[in-house]
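In: Give me the fold of what follows.
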Amino acid sequence: MYDYIVIGGGIIGLNIAKELKTREKSSKILLIEKEPDVAYHSSGRNSGVLHAGFYYTANSLKAKFTKDGNKAMKEFCVQRNLKINECGKVVVAQNKEEYKTLYELKKRADTNGVELVWWHEKQLQARYPNIKTYKKALWSPTTATINPKEVTLEFKKYIIELGVEVVCDCVYIRKLDDHTIQTTRQNFQAKKIINCAGLYADTIARDFDMCKDFVIIPFKGIYLKDEKNQADIQTNIYPVPNLNNPFLGVHYTLTVDGQAKIGPTAIPAFWRENYKGVANFSLSEFLQIIYYEAKLFIYDAFGFRSLAYNEVKKYSSKYLKGLASGLTNNLNQKEFKTWSTPGIRAQLLDTKTLELVQDFVVQSDENSVHVLNAVSPAFTSAIPFAVWVVDEHVMKNSVN
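Out: Predicted structure coming up:
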């Protein structure tokens, strides 16, 4: 019998295991991962951007953890000799309406205690001549990039050093009772089971009679890379986002290794691991997801029709580059020609309101904890978010 079983070796599961073992050194903790190693999915396939924390409304969990998570993740990288690119980020406006939204972002930054600096157009031109904006831009000095796969693997190494047992190639099959799960390895028992299964978190949660009003709808993200950065991108360049949905729009990202990327897409996927072709196809997942995507299309919830149409067009590199060109002054884009490894965003949908859930969601009882909607900026927020999950959902619901 374990004290805790953590399902899922992504950045959140690893950090929850770390936090539990740090607090309870004598505890017996098992982390299971269905793949041969950690970082096979979202935690190893995201942009690698450490966000500053100014996009999110003050009462949200995302606002609560992103600023401190940015600092904590950088400290971890320094302690473990991992690479960081302290390249910052510029958010630019392309017209009068977007210019107004810059003020909302600045307001959120001030409320959240995040450093965000106004730059007039001439200041921007003096610093980055290739970037253009309408009147003003916002400069985020604390935004940085790391290698997400490298960092996730390092957290695995760290928790093993602490004494957490990590078992890979171990697929969750079903719940047998409140303290027992069946896996492809064997049955495991624990006083408390913590579900951090990412794309499959909702299906596991339903086994525990949770997640009744939500379902995960996958969105595929792909970048177009300039591997030698011939375009000479020197910082992350972002557009003003549509604050009514959780996607940040097509932008330029500067990786930790100095590569430049345009993207990402947010293309509705048809099954949870719909990375390429028909690989990992699941008929049951397809039927469930197409049902909800059809509802979103019919009711045009949150403008889903136009979103889906515009996102599918991003399979065209010419179209994707055209969107990015609005952020720069005649930047040479011809070397952006290699597609990145796709990633899948495990986006939670409220099945009653047909709205995409903007914030993190955690549900729990005395026997289990379920981390749902751990989407961007979950990677940035992972360290303080894990502390909060342990405080508010693991310890408070524990039976003494």
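In: Next, the closest residue to residue 290 other than its chain neighbours: phi, psi?
Out: The spatially closest residue to residue 290, leaving aside those adjacent along the chain, is residue 270, at 6.3 Å (C-beta to C-beta, 6 or more residues apart in numbering). Glycine gets a C-beta too; all of them are placed from N, C-alpha and C. Residue 270 has phi and psi values of phi -110, psi -10 when expressed as degrees, to the nearest 10.
In: Just to check, residue 270 is in contact with residue 286?
Out: Yes: judged on C-beta atoms under 8 Å, residue 270 makes contact with residue 286 at a distance of 5.4 Å.
In: For residue 106, see how far away the residue nearest to residue 290 is.
Out: Computed as C-beta to C-beta, to the nearest Å, the residue 270 to residue 106 distance reads 39 Å.
In: Output the contacting helices and strands for the host helix or strand of residue 151.
Out: According to DSSP states H and E, residue 151 maps onto helix 148-162. The helices and strands touching helix 148-162, judged by 3 or more C-beta pairs under 8 Å, 6 or more residues apart in numbering; DSSP states H and E, are helix 11-23, helix 42-45, helix 61-79, strand 165-167.
In: From residue 221, how far out is residue 132?
Out: For residue 132 relative to residue 221 (C-beta to C-beta), the value is 25 Å.
In: related to what we said a few turns ago, give me whichever of the helices and strands packed on helix 148-162 is most buried.
Out: Mean neighbours per residue, mean count of other C-beta atoms under 10 Å, is largest over the helices and strands packed on helix 148-162 for helix 11-23, with a mean of 25.
In: other SSEs contacting that one?
Out: strand 2-7, strand 29-32, helix 148-162, strand 368-372, helix 378-389.
In: give me the number of residues near residue 54?
Out: 27 (other C-beta atoms under 10 Å).
In: Now do the same contact list for it.
Out: Under the criterion of C-beta atoms under 8 Å, 6 or more residues apart in numbering, the neighbours of residue 54 are 105-106, 108-109, 112, 114, 116, 138, 140.
In: tell me which element the spatially closest residue to residue 313 that is not a sequence neighbour falls in.
Out: Closest residue to residue 313 in three dimensions, ignoring its sequence neighbours and counting by C-beta to C-beta, 6+ apart: residue 319, at 4.9 Å. For residue 319, the host element (DSSP H and E) is helix 317-325.
In: can you give me the strands in the stretch 251-400 of the chain?
Out: Remark: strands assigned in the stretch 251-400 of the chain by DSSP state E, counting those that start in this stretch are 251-254, 260-263, 267-268, 338-339, 343-350, 355-356, 361-364, 368-372.
In: Any chance you could list what contacts the first one?
Out: Defining contact as C-beta under 8 Å, 6+ apart, one finds that strand 251-254 is touched by 47-49, 85, 87, 145, 223, 229, 233-239, 260-263, 324, 327-328.
In: Quick check on the residues you listed: which are buried?
Out: 47-49, 85, 87, 145, 223, 229, 233-239, 260-263, 324, 327-328 (16 or more other C-beta atoms under 10 Å).
In: Which members of those occur in helices, if any?
Out: residue 324 (DSSP state H).
In: Could you list the low-confidence segments of the stretch 201-350 of the chain?
Out: Applying pLDDT under 70 to the stretch 201-350 of the chain flags no residue at all.
In: can we see that at 90?
Out: Within the stretch 201-350 of the chain, the segments meeting pLDDT under 90 span 242-246, 330-332.
In: Give the other helices and strands that the strand or helix carrying residue 107 contacts.
Out: Under the criterion of DSSP H and E, residue 107 resides in helix 96-112. Packing partners of helix 96-112 (3+ C-beta pairs under 8 Å, 6+ apart): helix 61-79, strand 136-140.
In: Adding distance to residue 191 and mean pLDDT, write these out as JSON lines.
Out: Output for the helices and strands packed on helix 96-112, formatted as JSON lines (distance: least, C-beta to C-beta, whole Å; pLDDT from 0 to 100):
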{"stretch": "helix 61-79", "distance to residue 191": "26", "mean pLDDT": "98"}
{"stretch": "strand 136-140", "distance to residue 191": "42", "mean pLDDT": "98"}
